[in-house]
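Q: need a 3D model of the following:
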Amino acid sequence: MATQASSSKDDSCVKIRVGETEHLIHTKKIPYFKSFLSFQQNSGQNTTSVPAHGDIPFFDVINYGVNNGFRQFFRRMPTQLSDYHVLCEQLEFLAVNVLEDRKLRDIMGDLRHGKSDWDPQERREVPSRKWLARDSAFRLLYTFLLADFESDTKDSSMAYQATLFVVSHRAIFKYRTRKMVREAFEERFVVTEKQLKGLCQWPINEPTSERWQDGDVTTEVEETYYDSDWSL
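A: Below you'll find the model as predicted:
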């Protein structure tokens with residue numbers, strides 16, 4: 001049988017060697033491995049020790065991001081869009097539910113949670129949820145790379161609005177996130193001259209120190225240079 005984590009009450013956490021490295025894998029979050037283990041058992045393969053699987057590109061990053069938030073991908077991946085293609089294809093292969101039925105409009109709404117808001121009924125400020133906005137930035141990139149769009153014209157406009165929100169809010173989305181989201185947008189859609197001009201108002205320069213990397217600790221001073229009309 002597959003080795004389960006003795007310290008965890010969740011029996012879906014299983015030790016599996018992927019490539020040369022042993023990982024503790026949550027099979028509910030990465031359903032492919034539930035099927036993999038079931039196949040091994042049903043086919044009579046030896047599963048008395050730690051099950052072994054062939055190498056999977058970026059699996060250490062995938063396993064960490066699935067358990068700690070999709071924003072972690074931006075922090076641990078190379079800043080090459082070709083690598084993100086591989087990453088997203090592997091997530092799809094592993095049956096990771098990245099979007100959780102979210103459409104582009106839903107992702108746009110989640111991005112806005114990175115900013116604090118005012119509740120007029122309760123007359124109080126609603127705190128920001130930067131973690132949700134940052135996870136949603138990866139969902140946005142994932143959508144650009146893998147999703148099928150019904151209308152290129154309508155979806156391009158919505159995708160541009162979401163991309164512009166990301167690149168223009170540097171207090172929420174750091175260098176790696178802004179760079180990769182913009183590159184994914186420009187690869188997927190035909191960018192109009194007007195859209196390109198809007199994006200170029202927010203240059204994405206590589207940080208000169210660790211202080212500007214994508215960490216969880218960020219200033220509470222929000223940038224308000226751009227506030228999109230989300231009525232599209």
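Q: which residues sit against stretch 64-83?
A: Stretch 64-83 has contacts (Cβ atoms under 8 Å, 6 or more residues apart in numbering) with 26, 29-30, 58, 61, 84, 87, 96, 98, 131, 134-135, 137-139, 174, 176-177, 179-180, 183-184, 187, 213-215. The C-beta positions use only the backbone N, C-alpha and C, and glycine is treated the same way.
Q: next one: the residue at the greatest distance from the centre of the chain from A184, what distance?
A: Distance from the C-alpha centroid of the chain, by Cα atoms, centre = their mean, peaks at G44 (36.8 Å). Counting by Cβ to Cβ, to the nearest Å, the separation of G44 from A184 is 44 Å.
Q: which SSE is immediately downstream of the helix or strand where Q90 lies?
A: Per DSSP states H and E, Q90 falls inside helix 81-93. Using DSSP H and E, the helix or strand that follows helix 81-93 in sequence is helix 104-111.
Q: list the buried residues for that next one?
A: Going by neighbour count (16 or more other Cβ atoms under 10 Å), the buried part of helix 104-111 is 104, 107-108, 110-111.
Q: now the contacts of stretch 64-83: which count as buried?
A: 26, 29-30, 58, 61, 84, 87, 96, 98, 134-135, 137-139, 174, 176-177, 179-180, 183-184, 214.
Q: which strands or helices does the helix or strand harbouring S38 pack on?
A: Element membership for S38 (DSSP H and E) is helix 32-42. When contacts are defined as 3 or more Cβ pairs under 8 Å, 6 or more residues apart in numbering; DSSP states H and E, helix 32-42 sits against strand 13-18.
Q: just checking: what are the partner strands of the strand it packs on?
A: strand 3-4 (antiparallel), strand 21-26 (antiparallel), strand 52-53 (parallel) (DSSP bridges).
Q: looking at these, which is buried most?
A: Mean neighbour count, computed with mean count of other Cβ atoms under 10 Å, is highest for strand 21-26 among those, reaching a mean of 18.
Q: now D135: phi and psi?
A: Phi and psi for D135, reported as degrees, to the nearest 10, are phi -60, psi -40.
Q: now the residue nearest in space to the middle of the chain. Nearest residue, chain neighbours left out?
A: By Cα atoms, centre = their mean, the chain has its centre lying nearest to F138, at 2.7 Å. Take F138 and drop its neighbours on the chain: the residue closest to it by Cβ to Cβ, 6 or more residues apart in numbering is F70, 4.0 Å away.
Q: before we move on, what about A162?
A: M108 (4.7 Å).
Q: contacts only, for the closest residue to Y32 other than its chain neighbours.
A: Excluding its sequence neighbours, the residue lying closest to Y32 (Cβ to Cβ, 6+ apart) is L94, at 4.2 Å. The contact partners of L94, by Cβ under 8 Å, 6+ apart, come to 30-33, 56, 62.
Q: can you give me the helices in the chain?
A: Under the criterion DSSP state H, the chain carries helices at the ranges 32-42, 59-68, 72-76, 81-93, 104-111, 130-146, 152-168, 175-188, 193-200.
Q: residues of the third one that come out buried?
A: It stands for helix 72-76. Across helix 72-76, burial judged by 16+ other Cβ under 10 Å covers 72-75.
Q: again with the first one
A: For helix 32-42, burial by neighbour count (16+ other Cβ under 10 Å) applies to 32-34, 36-37, 40.
Q: from those residues, pick the one nearest I204.
A: Distance to I204, by Cβ to Cβ, is smallest for Y32 among these, at 33.9 Å.
Q: from F39, how far out is the closest one?
A: Between Y32 and F39 the distance is 10 Å, computed by Cβ to Cβ.
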